[in-house]
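*Asks:* No sequence on hand, only this structure:
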């Protein structure tokens, strides 16, 4: 391999594409980009490692020593594609962009690919187009000024982003880590895991990988397609695990959860609409309306203040610390146990054959009871003209109503 001299920086300030060609050397295409170049290792250094060639056989990949360039023109947005290698983008209080690249390629297919650096109206694009149809990749580590917007495509490689503006990430199956994103964050992972923290808003589709999210100031949307979903501190949130378990806490806006069989655990939200699709549901400290459909899973509720609508679809329901003025619950054969801390104005209970145990504060209630032949024990006063109404149908199940 012929080494390239690094005794002095090599600036490229013209707008005409420039390239270095020749087998076994780095290829560069620098368009409208002023750069300086430096090497951390001897430029002739090579690393060989086994690699799978998706474009005609298998063979060892050759990895060139990392090369670093500095982009001296102003950059306001960045687009990076690695073709299967790792991407790391770091926002810092700097004025210039620094790019470190490591090329891996299959010598049997020719020399290393051309790496392009195109700067157009503040958009810096880093890519190696030849790797679209060849067995090669480029690992990028890029330091940018804080707040630069980012688009990154990993094609299976890991993507890590911190301290940037709005970010759009498609890892193609690799894991994604994003933190300190001052604008909206959009992630598609195609099966890779996603970990995101501190973003203005986030829209995440993991494609099956687990999702862990925290401190999202605005709207949060998650699709996991079977992966687990864990959220701590977010604004309004729409979470669809596609079958995986869901945990959400500290939600400051309306919460919607769809789990398709996965368990759901929600703590602290101003309101929630939950469909577990068969998994168990636990909801605690809901300071607003709560609607739950469990399709056979059990439901546990503690401390709900708004209107409560719950259908277990056959599982048991246990609700404590309820201060809802209106509640409608059904169990389709499961047992129902409810404890109110304030008198409900309207309570409707249908067990479908299961038992019902209700505790309510002392007040005047108009009771309508049909146990279908099952035993009933009523320990509260009843008046047809009372302002608060309780209606219970157990279809043969036992009923017990007493003071809280």
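*Replies:* Everything's here; your move. Please read all numbers here as calculations on a predicted model, not as lab measurements.

*Asks:* Mind splitting this structure into its structural domains?
*Replies:* Following automatic domain parsing, one gets these domains for the chain: 1-145, 317-404.

*Asks:* Where among the ones you listed is average confidence lowest?
*Replies:* Note on the domains of the chain: domain 1-145 shows the lowest mean pLDDT, a mean of 71.

*Asks:* before we move on, back to that, how about a markdown table for the domains of the chain, with distance to residue 188 added?
*Replies:* In short, each C-beta sits where N, CA and C put it, glycine included. Output for these, formatted as a markdown table (distance: least, CB to CB, whole Å):
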| stretch | distance to residue 188 |
| --- | --- |
| domain 1-145 | 14 |
| domain 317-404 | 38 |
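
*Asks:* can you give me the strands for the stretch 1-150 of the chain?
*Replies:* Ranges of strands within the stretch 1-150 of the chain are 18-19, 27-31, 35-39, 46-53, 57-64, 67-71, 77-81, 87-92, 97-105, 114-120, 123-127, 136-145, 149-153, based on DSSP state E, counting those that start in this stretch.

*Asks:* list the buried ones in stretch 394-403?
*Replies:* Across stretch 394-403, burial judged by 16 or more other CB atoms under 10 Å covers 394, 395, 397, 398, 399, 401.

*Asks:* Name all residues that make contact with the last one.
*Replies:* With contacts defined as CB atoms under 8 Å, 6 or more residues apart in numbering, the neighbours of residue 401 are 358, 359, 360, 367, 377, 378, 379, 380, 390, 392.

*Asks:* if you look at these, which of them are in strands?
*Replies:* The strands, defined by DSSP state E, take in 358, 359, 360, 367, 377, 378, 390, 392 from the contacts of residue 401.

*Asks:* Looking at the buried residues of stretch 394-403, spot the one nearest residue 195.
*Replies:* Residue 195 lies nearest to residue 397 out of the buried residues of stretch 394-403, by CB to CB, at 46.3 Å.

*Asks:* Redo the strands of the stretch 1-150 of the chain as a markdown table? Include mean neighbour count and distance to residue 192.
*Replies:* Shown next, in a markdown table, are the strands of the stretch 1-150 of the chain (neighbours: other CB atoms under 10 Å; distance: least, CB to CB, whole Å):
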| stretch | mean neighbour count | distance to residue 192 |
| --- | --- | --- |
| strand 18-19 | 12 | 33 |
| strand 27-31 | 20 | 29 |
| strand 35-39 | 17 | 32 |
| strand 46-53 | 12 | 18 |
| strand 57-64 | 17 | 22 |
| strand 67-71 | 20 | 27 |
| strand 77-81 | 22 | 16 |
| strand 87-92 | 20 | 12 |
| strand 97-105 | 21 | 20 |
| strand 114-120 | 19 | 24 |
| strand 123-127 | 20 | 21 |
| strand 136-145 | 23 | 16 |
| strand 149-153 | 22 | 13 |
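
*Asks:* Looking at those strands, spot the one closest to residue 276.
*Replies:* Evaluated over the strands of the stretch 1-150 of the chain, closeness to residue 276 peaks at strand 149-153, with 34.2 Å, by CB to CB.

*Asks:* Residue 109: neighbour count?
*Replies:* The burial count assigned to residue 109 is 17, neighbours taken as other CB atoms under 10 Å.

*Asks:* Touching, it and residue 134? I think so.
*Replies:* Yes: the pair residue 109 / residue 134 is scored as a contact, 5.4 Å apart, by CB atoms under 8 Å.

*Asks:* Contacts only, for residue 233.
*Replies:* Taking CB under 8 Å, 6+ apart, we find residue 233 in contact with 214, 215, 216, 249, 250, 251, 252.

*Asks:* For the last one, list the residues it contacts.
*Replies:* The contact partners of residue 252, taken as CB under 8 Å, 6+ apart, are 233, 234, 235, 236, 270.

*Asks:* quick one: which of these is nearest residue 171?
*Replies:* Set against residue 171, the nearest of the contacts of residue 252 by CB to CB is residue 234 (21.4 Å).

*Asks:* who touches the closest one in this structure?
*Replies:* 202, 213, 214, 215, 216, 220, 248, 250, 251, 252, 253.

*Asks:* give me the beta-bridge partners of it?
*Replies:* For residue 234, the beta-bridge partners under DSSP bridges are residue 216, residue 251.

*Asks:* on that earlier part again, please pick the buried ones from the contacts of residue 401.
*Replies:* 358, 359, 360, 367, 378, 380, 390, 392.

*Asks:* Looks like residue 146 contacts residue 164 (just checking).
*Replies:* Yes: the pair residue 146 and residue 164 passes the contact test of CB under 8 Å, sitting 7.3 Å apart.

*Asks:* For these two, list the residues in contact with both.
*Replies:* Jointly contacting residue 146 and residue 164 under the rule CB under 8 Å, 6+ apart are 91, 182.

*Asks:* if you count what's nearby, which of those two comes out ahead?
*Replies:* For the pair residue 146 and residue 164, the greater number of neighbours falls to residue 164 (28 against 15), based on other CB under 10 Å.

*Asks:* so the residue lying closest to that one once chain neighbours are set aside bridges to which residues?
*Replies:* Excluding its sequence neighbours, the residue lying closest to residue 164 (CB to CB, 6 or more residues apart in numbering) is residue 91, at 4.2 Å. Beta-bridge partners for residue 91, by DSSP bridges, are residue 144.
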